[in-house]
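> Whatever this is, show me its structure:
(one chain, ligands or ions: 1)
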Amino acid sequence: MSDNILKNYINGEWVASNATRTLDVTNPATAEGLAKTPFSTPAEVDAAARAAAAAFEAWKRTPAAERIQYLFKLKMLLEENFDDLARTITTENGKILDDARGEMRRAIENVEVACGIPTMMLGDFAEDIARGIDEYMIRQPVGVVASICPFNFPGMIPFWFMPYALACGNTVIIKPSERTPLTMQKVFQLLEKVGLPPGVVNLVNGSVDTVNAILDHPLIQAITFVGSTAVARHIYSRAALNGKRVQAQGGAKNPLIVLPDADLDMTTKIVLDSVYGNAGQRCLASANVVMVAGAGKTFTPAFAEGASSRVVGFGLDKGVQMGPVISQQSLQRIEGLIQKGVDEGARVVVEGRDALIPDYEKGFFLRPTVLDNVLPGTTVAQTEIFGPVMTVLNLNTVDDAIAFVNSGQYGNQASIFTSSGAAARKFRNEVQAGNVGINIGVAAPMAFFPFSGWKESFFGTLHGQGKHAVEFFTQTKVVVERWLQDWSRQF
Ligand code: NAD
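Numbering: from 1, shown residues only. You can find the predicted model right below:
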């Protein structure tokens with residue numbers, strides 16, 4: 001195990017934490033210790049909040065066109081260090097290098113979009129709302145904002161928020177996942193080179209108590225959260241009780257509908273990537289594959305063949321298509337849920353448990369698993385497994401499939417595969433999900449669209465990314481203005 005206890009970045013300096021507890025950061029493919037995450041104390045959260053609050057007034061007054069110059073520099077540094085960042089993601093998270101590269105590309109897109117803030121945060125003006133009176137609305141930053149992040153996209157998710165928050169004139173605290181904190185260490189080394197004034201961006205590592213200190217801190221005005229639904233609900237209610245604005249993105253159990261008229265080759269390739277990419281640890285991973293009107297006769301064997309031939313290993317090795325899951329605990333939880341599915345009557349078509357990967361025997365590996373004949377209402381059909389498990393349901397009609405989709409507690413994503421425009425249109429209109437894929441397996445919104453989870457996948461009103469982020473990170477001020485026209489005065 002590594003003895004390297006990660007530092008926090010507060011007020012423009014790297015500082016050692018006084019934490020008495022740490023968590024080992026582990027390469028999930030090898031179980032090798034990479035570093036230790038300190039569980040930073042409330043006093044350290046306080047130091048970051050004070051530094052951010054002290055930096056706020058001057059940063060707010062820095063013209064938007066000047067603020068984004070720092071983001072242009074950051075974009076160049078991210079490009080120059082692209083491969084190093086992607087490798088860090090693979091090493092601490094386990095996803096394959098191509099996926100890690102895709103993740104960093106998405107992160108950079110958000111920096112690019114946030115560079116448009118001078119236009120995106122423009123106000124409105126109405127002349128003569130009454131005789132001689134004008135009214136206008138301006139957008140001002142909210143103050144100190146904090147982002148609490150999950151393990152599965154250590155490079156991208158902080159960028160759903162940070163670039164917009166900074167560009168809008170806020171000062172920022174990032175709390176990465178304690179399980180995958182290394183990518184943000186590198187990003188903050190780049191942010192240091194960018195030369196932002198001290199206190200404008202801060203990094204605080206930690207776990208539950210660190211998060212609660214953030215939620216309770218009176219100097220922090222807004223919270224963004226991405227993680228599981230149980231924690232999202234806690235974040236939303238506790239931060240709101242403390243008078244903060246909150247956006248909290250939660251978990252998912254994404255359905256994917258296959259109609260018999262879908263294209264076999266395209267559908268097979270895309271569905272396999274959606275279910276098994278990042279070992280199923282994406283919030284937009286499809287999990288429940290719903291075969292409609294006998295589609296399973298053709299598609300289930302094709303998916304099963306693709307699943308069983310997927311190359312599993314360490315994501316930095318050539319030719320690997322799927323990496324490990326994040327931890328031993330996760331592995332056991334997923335294997336337990338597979339068994340639960342079997343106990344509930346599902347048929348194991350492809351078995352992924354007890355995987356032994358040559359040279360990586362200590363890693364947290366499962367192979368892709370396919371369970372067929374899963375019934376709506378069973379535990380495996382309803383629980384977020386967050387692992388490489390495809391649960392196949394067989395239903396009779398498109399209406400049955402849509403009813404099944406809408407019976408779920410989550411609403412992060414729903415996809416349909418078909419060559420029928422009419423079926424796709426009906427699906428798009430009727431499904432209760434905020435991100436919809438039509439012949440798309442991972443309907444991840446680009447940076448200029450909101451990441452639109454619904455139901456228990458999201459708590460709040462304004463989502464991450466794009467215009468929603470600009471609204472979230474600014475407050476509107478409306479001015480009604482009258483000037484007396486006293487032309488007799490001499491100048
Ligand atoms: P998690 O909820 O365990 O942790 C997320 C963050 O919350 C971490 O920073 C962690 O330190 C903190 N945290 C954990 N427990 C806490 C508690 N009791 N009180 C206060 N803070 C706490 O999530 P995870 O395992 O890191 O990430 C996986 C989950 O995130 C999945 O459910 C996945 O669907 C979800 N996710 C959702 C989206 C989305 O856009 N909706 C995106 C990515 C991941």
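> And the ligand, is the longest helix seen in the chain touching that?
If you go by DSSP state H, the chain has its longest helix at helix 42-61. No: on the criterion C-beta under 6 Å from any ligand atom, helix 42-61 is out of touch with the ligand, staying 12.4 Å away. Yep, even glycine has a C-beta here, placed from its N, CA and C like the rest.
> just the CA coordinates of that helix, formatted as CSV?
Extracted in CSV, the C-alpha atoms of helix 42-61 (Å, rounded to 0.1, in the frame of the first residue of the first chain):
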residue,chain,number,x,y,z
PRO,A,42,-14.6,20.3,9.1
ALA,A,43,-11.8,22.8,9.9
GLU,A,44,-10.3,22.1,6.5
VAL,A,45,-13.6,22.6,4.8
ASP,A,46,-13.9,25.9,6.7
ALA,A,47,-10.4,27.0,5.5
ALA,A,48,-11.4,26.3,1.9
ALA,A,49,-14.8,28.0,2.3
ARG,A,50,-13.1,31.1,3.9
ALA,A,51,-10.5,31.2,1.2
ALA,A,52,-13.2,30.9,-1.5
ALA,A,53,-15.3,33.6,0.1
ALA,A,54,-12.3,36.0,0.5
ALA,A,55,-11.5,35.5,-3.2
PHE,A,56,-15.1,36.0,-4.4
GLU,A,57,-15.6,39.8,-4.5
ALA,A,58,-12.5,40.4,-6.7
TRP,A,59,-13.3,37.4,-8.9
LYS,A,60,-16.9,38.5,-9.3
ARG,A,61,-15.7,42.0,-10.5
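> what packs against it?
Using 3 or more C-beta pairs under 8 Å, 6 or more residues apart in numbering; DSSP states H and E as the contact criterion, the elements in contact with helix 42-61 are strand 8-10, strand 133-141, strand 144-148, strand 171-175, strand 201-203, helix 208-216.
> which one of these lies closest to the ligand?
helix 208-216 (3.5 Å; C-beta to the nearest ligand atom).
> And the closest one, what's buried?
Buried residues in helix 208-216, counted by 16 or more other C-beta atoms under 10 Å: 210-215.
> packing partners for it?
Right, helix 208-216 is packed against helix 42-61, strand 144-148, strand 171-175, strand 220-226, helix 229-241 by 3+ C-beta pairs under 8 Å, 6+ apart.
> Was I right to think L284 contacts N412?
Yes: counting by C-beta atoms under 8 Å, L284 touches N412, with 6.6 Å between them.
> if we can go back for a sec, and the furthest pair within the buried residues of helix 208-216?
T210 and L215 (10.0 Å; C-beta to C-beta).
> ok, and the closest non-adjacent residue to C168?
When the adjacent residues along the chain are set aside, C168 lies closest to F473, with 4.3 Å between them (C-beta to C-beta, 6 or more residues apart in numbering).
> I figured the one you found hits Q140, correct?
No: using C-beta under 8 Å, F473 is not in contact with Q140; the gap is 10.2 Å.
> List the buried residues for the helix or strand containing D399?
Following DSSP states H and E, one finds D399 within helix 398-407. With burial defined by 16+ other C-beta under 10 Å, the residues of helix 398-407 counted as buried are 398, 400-402, 404-405.
> For it, which outside residues touch it?
Applying C-beta atoms under 8 Å, 6 or more residues apart in numbering, the external contacts of helix 398-407 come out as 255, 257, 259, 288, 290, 292, 376, 393, 395, 414, 423, 426-427, 430-433.
> need the next SSE after it, C-terminal direction.
In N-to-C order, the element after helix 398-407 by DSSP H and E is strand 410-411.
> mind checking the SS state of the spatially closest residue to A55 that is not a sequence neighbour?
By the measure of C-beta to C-beta, 6+ apart, the closest residue to A55 outside its immediate chain neighbours is G199, 3.1 Å from it. Under DSSP: H, G, I helix; E, B strand; the rest coil, G199 falls in the coil class.
> Please list all residues in contact with G199.
Taking C-beta under 8 Å, 6+ apart as the test, what G199 contacts is 11-12, 51-55, 171.
> about what we covered before: mind putting the helices and strands packed on helix 42-61 into a markdown table with mean pLDDT and distance to the ligand?
As requested, the helices and strands packed on helix 42-61 are arranged in a markdown table below (pLDDT from 0 to 100; distance: least, C-beta to the nearest ligand atom, whole Å):
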| stretch | mean pLDDT | distance to the ligand |
| --- | --- | --- |
| strand 8-10 | 98 | 14 |
| strand 133-141 | 98 | 24 |
| strand 144-148 | 99 | 5 |
| strand 171-175 | 99 | 6 |
| strand 201-203 | 99 | 13 |
| helix 208-216 | 98 | 3 |
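> Who is A248 paired with across the strands?
On the basis of DSSP bridges, A248 is bridged to F225, F459.
> what residues are up against it?
Contacts for A248 (C-beta under 8 Å, 6+ apart) come out as 223-226, 232-233, 235-236, 458-460.
> cool, A31 as well?
By C-beta under 8 Å, 6+ apart, the contact set of A31 is 328, 362-364.
> Leaving out sequence neighbours, find the closest residue to F448.
Among residues not flanking F448 along the chain, G466 sits closest, at 4.7 Å (C-beta to C-beta, 6+ apart).
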